[in-house]
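Visitor: Just a sequence and a predicted model for now, questions to come.
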Amino acid sequence: MGDWGDITFDDACTDNPHSDPICIKIAYSAAKSQGEGWAGIYWQHPDSNWGDKIGGYDLTGATKLTFWAKGEKGGEKAEFKVGGITGDYPDSLQPAATTRVVSLSDNWQKFTINLAGKDLSHIIGGFCWVTNKNQNPYGCTIYLDDIRFE
């Protein structure tokens, strides 16, 4: 999303994962390659579903989404979300549940998005990472691992 050309994505990174053998590594250059000044990744079902396709999962019963994250240097800023996609076949979770903007450490930290009492009957936007040039003017590299609904 946004300046997608500023993102390098590696979902088989072996550089110090939280749980062996791999983690996700996302590098953001902040080059504004599409002129937006922000970039993000939405894990969707099916892929590229902006509410215009039938899909998604019924996650009723889950009370939280947990994940582990860290920055390469520490101080990297990002926001993480669940749900919030609109359209003809939208997420049932509106607006998105979010961590708000967090500052990452260079050590693994556990994050939780509270989903208790939320309508999770139709989730197409299962997880989202987003950042921008203002938060990370020189870019950033973040790592994610163990993303799960509980």
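Guide: Ah, there it is.

Visitor: drop to CA atoms for contacts and neighbour counts, all remaining ones
Guide: Noted.

Visitor: So which residues of this structure form strands?
Guide: 7-13, 23-28, 38-44, 64-71, 77-82, 97-103, 109-114, 125-132, 140-149 (DSSP state E).

Visitor: Out of those strands, which is closest to residue 89?
Guide: Taking C-alpha to C-alpha, strand 125-132 is the member of those nearest to residue 89, at 11.3 Å.

Visitor: The closest residue to residue 59 other than its chain neighbours: how many residues sit nearby?
Guide: Once flanking residues are discounted, residue 59 sits nearest to residue 120: 5.1 Å by C-alpha to C-alpha, 6 or more residues apart in numbering. By other C-alpha atoms under 10 Å, the residues close to residue 120 number 22.

Visitor: Can you tell me how far residue 120 is from residue 32?
Guide: 34 Å (C-alpha to C-alpha, to the nearest Å).

Visitor: any idea of the pLDDT on residue 149?
Guide: Per-residue pLDDT puts residue 149 at 98.
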